[in-house]
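> Structure for this input, please:
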Amino acid sequence: MNTTTHMQRSNPTHQRQLRGFMAVWMAVTLLVGVATFVAIYLGTGNLGDDGNNGNSNSGSNAAAIVANQSDQEAAPADQTDASVNEVTAQDTSANSDVEAPVSTDNNEAAQASGEGESNPEAAASGGTENNPPAQPAQQDATPTPTFAPTLPATQQTGFDLGAQVMVPYSKDANSMAGTLDAAANQLRLNWVKLQVRWEFVEPEEGVYDWSYLDVFFQSVTEKNLKVLVGVVTAPEWARQPGADLTKHGPPADNQKFADFIGQLIMRYPGKIHAIEVWNEMNLDREWASINGINAPEYVEMLRVAANTIRFLDPNILVVSGALSPTGVNNEAVHDDFRYTDELIAAGVLDVIDCYGAHHNGYNIGPNVPYDQVPNDPAATFRGPFDSPHPSWSFYTTLTTYANKISAAGSTVPLCVTEFGWATTADLGGQYPQYFEFANDNTLDESAQFLVEAIQLMESWGFVRLAFIWNLNFGPEEGFNATNDNVPYSLIRPNYFLSPAWGQIAGMDFRGRAQAQ
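The predicted structure follows:
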């Protein structure tokens with residue numbers, strides 16, 4: 001806003017006594033005139049104005065407004081790159097006995113753990129990251145930015161690797177920076193994945209709490225990591241009338257969901273490189289729609305979201321929500337192969353850049369087709385050995401997805417947004433419900449399976465991105481042995497590292513990217 005200062009001109013007392021010094025009188029008059037001119041122009045702010053002064057809005061850059069807003073709100077005092085042992089030691093003491101929030105009441109500083117699986121078939125799909133806001137949400141009107149697109153992830157076709165991370169419940173910037181430093185500079189990765197729960201960020205329509213995302217995006221940008229965000233779970237205000245609100249589900253208005261994704265992109269312009277639209281929508285606990293589990297309904301929501309994503313930044317990869325490998329088909333759970341067929345029939349391959357997939361292994365390796373599993377008499381979990389089914393097999397699940405896409409005449413690759421092998425070997429004899437299979441995996445075996453899976457996916461040629469499940473959920477969940485995220489964590493109890501750590505680092509995906 002321009003503020004004009006009105007100045008009162010003083011009438012100087014001119015000495016009119018002519019004493020023959022006309023030259024002096026003229027000099028005084030001239031000086032008074034110059035002084036008055038300068039005072040007026042300095043007071044009105046117009047002296048030297050070239051149209052681009054700080055009070056003018058005509059030269060504002062909306063992208064800079066968004067970036068500055070984010071940086072100022074997220075700026076930590078004295079952020080450092082902690083080692084991996086320092087990463088997780090700072091904020092885990094209060095997380096071991098927390099429960100997922102039932103509602104989105106912002107007045108409760110609820111700390112939520114990952115969700116458990118309800119049946120053995122879905123157990124290996126792992127938990128989900130819950131990060132409710134710890135402070136009341138605040139109104140935050142984000143201007144529409146104009147910004148340069150992200151580095152073109154859509155043009156990078158080679159296989160690349162990342163890991164899913166969790167923002168500390170404490171939202172501690174140093175801890176977050178340490179975790180991301182571990183991903184970038186110790187594991188030598190190029191990508192990380194973060195799950196964004198719409199219900200927590202916008203608990204009331206138009207009211208946002210960006211606090212934990214601000215912490216994440218400041219650190220991830222400093223580490224020069226690419227980001228896949230998985231956007232999930234509609235808030236109650238956006239749900240369908242009559243929907244079961246005890247379960248997650250889609251919005252009544254797909255455009256509301258797309259608008260939220262647009263707000264996310266605009267708040268963090270150029271910092272998001274891929275968006276996975278929803279999660280495991282073949283389970284009714286993730287897709288409690290009044291129309292039931294419904295592939296065409298999902299594809300329509302995806303289409304609206306994809307249009308918004310590409311309008312704002314066409315270089316962001318659009319990834320379909322990954323399915324849970326189930327082997328079951330009923331009202332609560334749909335078989336993932338059958339659901340894939342339904343997605344393809346509904347036109348999903350025309351909407352996406354990458355087909356999302358999950359497979360967290362059981363107690364067999366990634367190279368084993370489901371019908372060729374050698375018997376292991378020592379295995380206590382007998383599913384893969386006594387009841388052969390594709391859902392047990394990493395190899396069969398992912399190759400079947402790829403074959404179905406190819407049979408539809410498409411070259412859309414897979415993005416494996418969650419994969420890992422759980423072990424309870426260092427969890428003191430405790431384990432989450434339905435995780436008996438994890439008791440059969442030693443630390444070395446789980447690491448071996450993980451490394452073999454990475455090598456296998458790279459050799460296939462039809463996997464574009466893969467994300468290890470997970471990097472730091474163990475310490476962030478207080479190494480609670482009954483939390484179903486903890487057995488998968490690369491950071492183990494007492495801050496020991498999985499034996500896979502050094503092998504993954506040795507693959508040096510980061511160095512490969514820098515050499516290109």
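
> any chance you could map the strands in this structure?
Under the criterion DSSP state E, the chain carries strands at the ranges 138-139, 160-164, 191-197, 207-208, 226-232, 274-277, 317-320, 355-361, 414-421, 463-468.

> which one of those lies closest to residue 266?
strand 207-208 (11.4 Å; Cβ to Cβ). In short, each C-beta sits where N, CA and C put it, glycine included.

> how about a markdown table for the strands of the chain, with distance to residue 242, mean pLDDT and mean neighbour count added?
Output for the strands of the chain, formatted as a markdown table (distance: least, Cβ to Cβ, whole Å; pLDDT from 0 to 100; neighbours: other Cβ atoms under 10 Å):
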| stretch | distance to residue 242 | mean pLDDT | mean neighbour count |
| --- | --- | --- | --- |
| strand 138-139 | 29 | 42 | 10 |
| strand 160-164 | 33 | 99 | 24 |
| strand 191-197 | 22 | 99 | 23 |
| strand 207-208 | 24 | 98 | 18 |
| strand 226-232 | 21 | 99 | 24 |
| strand 274-277 | 24 | 99 | 27 |
| strand 317-320 | 27 | 99 | 25 |
| strand 355-361 | 28 | 99 | 26 |
| strand 414-421 | 31 | 99 | 27 |
| strand 463-468 | 35 | 99 | 26 |
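
> Would you mind listing where the stretch 51-200 of the chain has pLDDT under the threshold?
51-152, 154 (pLDDT under 70).

> show me the contacts for the residue nearest to residue 383 when sequence neighbours are not counted.
Excluding the flanking residues, the one nearest residue 383 by Cβ to Cβ, 6 or more residues apart in numbering is residue 392, at 5.8 Å. By Cβ atoms under 8 Å, 6 or more residues apart in numbering, the residues touching residue 392 are 327, 362, 364, 370, 373, 383-384.

> repeat for residue 354
274, 317-320, 412-415, 464-465.

> Looking at strand pairing, list the partners for it.
residue 319 (DSSP bridges).

> quick one on the thing from earlier: now the contacts of residue 354 as TSV including distance to residue 451?
Below are those laid out as TSV (distance: Cβ to Cβ, whole Å):
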residue	distance to residue 451
274	24
317	25
318	29
319	24
320	27
412	27
413	21
414	19
415	20
464	19
465	17
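
> Quick check: of those residues, which lies closest to residue 497?
residue 465 (23.1 Å).

> For the residue nearest to the closest one when sequence neighbours are not counted, give its distance to residue 471.
Excluding the flanking residues, the one nearest residue 465 by Cβ to Cβ, 6+ apart is residue 415, at 4.4 Å. Distance from residue 415 to residue 471, counting by Cβ to Cβ, to the nearest Å: 18 Å.

> Equivalent analysis for residue 283, please.
Counting by Cβ to Cβ, the gap from residue 283 to residue 471 is 24 Å.

> cool, residue 256 as well?
Relative to residue 471, and taking Cβ to Cβ, residue 256 is found at 32 Å.

> Looking at these two, which one has more neighbours?
The neighbour comparison of residue 256 against residue 471 (other Cβ atoms under 10 Å) goes to residue 471, with 31 against 17.

> In this structure that one contacts residue 184, no?
No - using Cβ atoms under 8 Å, residue 471 is not in contact with residue 184, being 11.3 Å away.

> Go through the strands of the chain and name the closest to residue 433.
Closest to residue 433 of those is strand 355-361 (Cβ to Cβ; 15.3 Å).

> Next, the angle strand 226-232 makes with the closest one.
90 degrees (axes from the mean of the first three to the mean of the last three Cα atoms, to 10 degrees).

> Packing partners of strand 355-361?
strand 317-320, helix 394-407, strand 414-421 (3 or more Cβ pairs under 8 Å, 6 or more residues apart in numbering; DSSP states H and E).

> any chance of these in CSV, with distance to residue 457 too?
Output for the helices and strands packed on strand 355-361, formatted as CSV (distance: least, Cβ to Cβ, whole Å):
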stretch, distance to residue 457
strand 317-320, 15
helix 394-407, 8
strand 414-421, 7
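
> how about the helices of the stretch 101-250 of the chain, start to end?
120-123, 173-181, 198-201, 211-222 (DSSP state H, counting those that start in this stretch).

> Tabulate the ones you listed in JSON lines, adding columns for mean neighbour count.
Below are those laid out as JSON lines (neighbours: other Cβ atoms under 10 Å):
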{"stretch": "helix 120-123", "mean neighbour count": "22"}
{"stretch": "helix 173-181", "mean neighbour count": "25"}
{"stretch": "helix 198-201", "mean neighbour count": "22"}
{"stretch": "helix 211-222", "mean neighbour count": "23"}
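
> how about those helices, which one is nearest residue 297?
Using Cβ to Cβ, the helices of the stretch 101-250 of the chain put helix 198-201 closest to residue 297, at 17.1 Å.

> among the strands of the chain, which is nearest residue 290?
strand 226-232 (18.5 Å).

> now the closest one, how far from the chain's geometric center?
Distance of strand 226-232 from its chain centroid, counting by Cα atoms, centre = their mean, to the nearest Å, is 3 Å.

> name the helices or strands packed onto it?
By 3+ Cβ pairs under 8 Å, 6+ apart, strand 226-232 packs against strand 191-197, helix 254-267, strand 274-277, strand 414-421.

> Between helix 211-222 and the second one, find me the angle.
Helix 254-267 runs at 50 degrees relative to helix 211-222, counting by the same axes, to 10 degrees.

> how about helix 254-267: buried residues?
254, 256-267 (16 or more other Cβ atoms under 10 Å).

> Kindly report the same for stretch 330-340.
Buried, per 16+ other Cβ under 10 Å, within stretch 330-340: 332-337, 339-340.

> and if you look at stretch 301-313?
301-306, 308-309, 312-313.

> repeat for stretch 506-516
Applying 16+ other Cβ under 10 Å to stretch 506-516 flags 507, 509-510, 513 as buried.

> from those residues, which is closest to residue 216?
residue 510 (19.1 Å).

> check contacts around that closest one.
184-185, 188-190.

> Same question for residue 450.
With Cβ under 8 Å, 6+ apart, residue 450 has these contacts: 419-421, 468, 498, 500, 504.

> cool, residue 411 as well?
residue 405.

> The one 4 residues further on too?
The contact partners of residue 415, taken as Cβ under 8 Å, 6+ apart, are 228, 274, 276, 317, 319, 322, 354-357, 463-466.

> separation between residue 339 and residue 329?
Residue 339 is 9 Å from residue 329, by Cβ to Cβ.

> just to revisit the earlier point, for the strands of the chain, please prepare JSON lines with the additional fields distance to residue 379.
Shown next, in JSON lines, are the strands of the chain (distance: least, Cβ to Cβ, whole Å):
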{"stretch": "strand 138-139", "distance to residue 379": "52"}
{"stretch": "strand 160-164", "distance to residue 379": "27"}
{"stretch": "strand 191-197", "distance to residue 379": "31"}
{"stretch": "strand 207-208", "distance to residue 379": "48"}
{"stretch": "strand 226-232", "distance to residue 379": "32"}
{"stretch": "strand 274-277", "distance to residue 379": "33"}
{"stretch": "strand 317-320", "distance to residue 379": "34"}
{"stretch": "strand 355-361", "distance to residue 379": "13"}
{"stretch": "strand 414-421", "distance to residue 379": "14"}
{"stretch": "strand 463-468", "distance to residue 379": "24"}
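
> Nice, that's everything, thank you.
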